[in-house]
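Colleague: Structure for this input, please:
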Amino acid sequence: MRRSWILAGLAATVFFALPLPAQVQPDAPPVSQLPQNSTPPPASSNQPNHSQQTPASISGTVVDATGAAIAGARVVLMREGQSPAQEVTTGQDGIFSFTSLAPGPYTLTISATGFNAQTLPGTLRSGEVDADPPITLALAANVTEVQVVAPRAEIAEGEIKAQEKQLVLGFVPNFYVTYVPDAVPLNARQKFELAWKSTTNPVTILLAGAAAGIEQADNAFSGYGQGAPGYFRRFGASYGDTVTGTFIGSAILPSLLKQDPRYFYKGTGTARSRLLYALANAVICKGDNKRWQPNYSAIGGSFAAGGISNLYYPAAERGVQNTVENALIAIGESAAANVFQEFVVKKFTPSVSKRHPES
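Modeller: All right, here's what the predicted structure looks like:
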């Protein structure tokens, strides 16, 4: 019995003498106890992905050497390892653009008709909006500049409009003189238009009436008589001479013979040279080819008008002699009018073309 108690005491002493094992938290096992093939949990989906790329874009403007936009220019975008190439054309404002592009190097080739092509390299970064400065294309060396010139008839029409504003003292028509030394020749329609506007101008009619009054006062063409009937006969004859002379000598014959019915103001040189020029223009004129030639139109018109006047002048004033005299008088009047134009009229005509030699 005693032996049993002794053994029990020894066992208890050994038990309490040994150190107790370390306590381990139940939710954190020792590292040594983790399975060797375990992997970390996956990253949260809320964390950013730095490998994702944002599309980029390229835009620009194509201009010429003057800075004017080039519409319809061809812009080709080449990317390394990518085909086919992308291509656009510039709008009326010269602008082009490429969008939704992947980052990386690129090459732009810009070309347009009449210009030297240009190639521009570059590199796009993620999300970059590459706005190039204006791209200037040089004119191709073998291209000749073309100037757009208005049709000759349009230029002549503008010159006629200017002539129709030429009024001596602000009211007397002065349509048949041009202050433009290289004035464009008139076509047939314009020659008739000028004749019509000249003969229907109120001042032209009033001048014919004044001439008839002077003739009646002097009892010229006595066969017409006196009083109102005589005055209107003289007025009809005077105005008839103006109409037939203007239309035949300044419209019909100039259209057929290709001659210019206008007086070309000289305005330069010595007084003597200008005087001779003015007198000569009674028998010479410029052709529609801009070369000087005999003025068959004015001379023929004077004789034709004189011949027609035999239809309405008194019987005593008719005949070949009257026709020749009237024609020569008309030529002399033309010479005197040209001298007056060269030295006097321009000073009293406020509305003249700006393109003329200085007097």
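
Colleague: Skip ahead from the worst-scoring helix or strand of the chain on mean pLDDT and say which helix or strand is next.
Modeller: Using mean pLDDT, DSSP states H and E, the weakest-scoring helix or strand in the chain turns out to be helix 2-17, at a mean of 41. Counting by DSSP states H and E, the next helix or strand C-terminal to helix 2-17 is strand 56-63.

Colleague: Return the set of buried residues in that following strand.
Modeller: Buried residues in strand 56-63, counted by 16 or more other C-beta atoms under 10 Å: 56, 58, 60-63. From N, CA and C alone the C-beta is placed, and that goes for glycine too.

Colleague: cool, stretch 194-212 as well?
Modeller: Applying 16+ other C-beta under 10 Å to stretch 194-212 flags 194-195, 198-199, 201, 204, 207-208, 211-212 as buried.

Colleague: nearest to Gly81, of the residues you listed?
Modeller: Within these, distances to Gly81 taken as C-beta to C-beta reach their minimum at Leu194, with 73.3 Å.

Colleague: isn't that closest one right next to Asn174, touching?
Modeller: No - counting by C-beta atoms under 8 Å, Leu194 does not reach Asn174; the two are 11.9 Å apart.

Colleague: Now for the two: what residues contact both?
Modeller: Residues touching both Leu194 and Asn174 by C-beta atoms under 8 Å, 6 or more residues apart in numbering: Gln163.

Colleague: Now do the domain split for this structure, please.
Modeller: Split into domains by automatic domain parsing, the chain comes to 56-136, 152-348.

Colleague: most packed of these?
Modeller: Among the domains of the chain, domain 152-348 has the highest mean neighbour count (mean count of other C-beta atoms under 10 Å), at a mean of 17.

Colleague: got the end-to-end distance for it?
Modeller: Start-to-end span of domain 152-348 (C-alpha to C-alpha, to the nearest Å) is 30 Å.

Colleague: ok now that domain, how far from the chain's centre?
Modeller: 37 Å (C-alpha atoms, centre = their mean, to the nearest Å).

Colleague: average model confidence for it?
Modeller: Average pLDDT, domain 152-348: 92.

Colleague: Report the backbone C-alpha coordinates of the lengthiest helix in the chain in PDB.
Modeller: As assigned by DSSP state H, the longest helix anywhere in the chain is helix 320-343. Listed in PDB are the C-alpha atoms of helix 320-343, where the atom choice follows Å, rounded to 0.1, in the frame of the first residue of the first chain:
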ATOM      1  CA  VAL A 320     -25.100 114.500-153.800                       C
ATOM      2  CA  GLN A 321     -23.600 117.900-153.000                       C
ATOM      3  CA  ASN A 322     -25.700 118.100-149.800                       C
ATOM      4  CA  THR A 323     -24.600 114.500-148.900                       C
ATOM      5  CA  VAL A 324     -20.900 115.200-149.300                       C
ATOM      6  CA  GLU A 325     -21.100 118.500-147.500                       C
ATOM      7  CA  ASN A 326     -22.900 117.000-144.600                       C
ATOM      8  CA  ALA A 327     -20.400 114.100-144.400                       C
ATOM      9  CA  LEU A 328     -17.400 116.500-144.500                       C
ATOM     10  CA  ILE A 329     -19.000 118.700-141.900                       C
ATOM     11  CA  ALA A 330     -19.600 115.600-139.700                       C
ATOM     12  CA  ILE A 331     -15.900 114.600-140.000                       C
ATOM     13  CA  GLY A 332     -14.800 118.200-139.100                       C
ATOM     14  CA  GLU A 333     -17.100 118.200-136.100                       C
ATOM     15  CA  SER A 334     -15.600 114.900-135.000                       C
ATOM     16  CA  ALA A 335     -12.100 116.400-135.200                       C
ATOM     17  CA  ALA A 336     -13.100 119.500-133.200                       C
ATOM     18  CA  ALA A 337     -14.900 117.300-130.600                       C
ATOM     19  CA  ASN A 338     -11.800 115.200-130.200                       C
ATOM     20  CA  VAL A 339      -9.600 118.300-129.500                       C
ATOM     21  CA  PHE A 340     -12.200 119.400-127.000                       C
ATOM     22  CA  GLN A 341     -12.100 116.000-125.400                       C
ATOM     23  CA  GLU A 342      -8.300 115.900-125.200                       C
ATOM     24  CA  PHE A 343      -7.900 119.400-123.600                       C
END
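
Colleague: Give me the contacts around it.
Modeller: Residues outside helix 320-343 that contact it (C-beta under 8 Å, 6+ apart): 174, 177, 241, 245, 263, 265-267, 271, 274-275, 277-279, 281-283, 298-299, 302-303, 305-307, 309-310, 313.

Colleague: my read: Val243 touches Asn201, true?
Modeller: No - checked against C-beta under 8 Å, the pair Val243 and Asn201 is beyond contact range at 11.8 Å.

Colleague: mind listing the helices for the stretch 251-359 of the chain?
Modeller: Remark: helices assigned in the stretch 251-359 of the chain by DSSP state H, counting those that start in this stretch are 253-257, 271-280, 296-309, 320-343.

Colleague: Could you list every helix and strand in contact with the second one?
Modeller: I take that to be helix 271-280. Here helix 271-280 touches helix 320-343, going by 3 or more C-beta pairs under 8 Å, 6 or more residues apart in numbering; DSSP states H and E.

Colleague: Next, the angle from the helix it packs on to helix 296-309.
Modeller: Orientation of helix 320-343 against helix 296-309 (axes from the mean of the first three to the mean of the last three C-alpha atoms, to 10 degrees) gives an angle of 140 degrees.

Colleague: Contact partners for the closest residue to Ser222 other than its chain neighbours?
Modeller: Closest residue in space to Ser222, ignoring its immediate chain neighbours: Pro314 at 7.3 Å, by C-beta to C-beta, 6 or more residues apart in numbering. By C-beta under 8 Å, 6+ apart, the residues touching Pro314 are 221-224.
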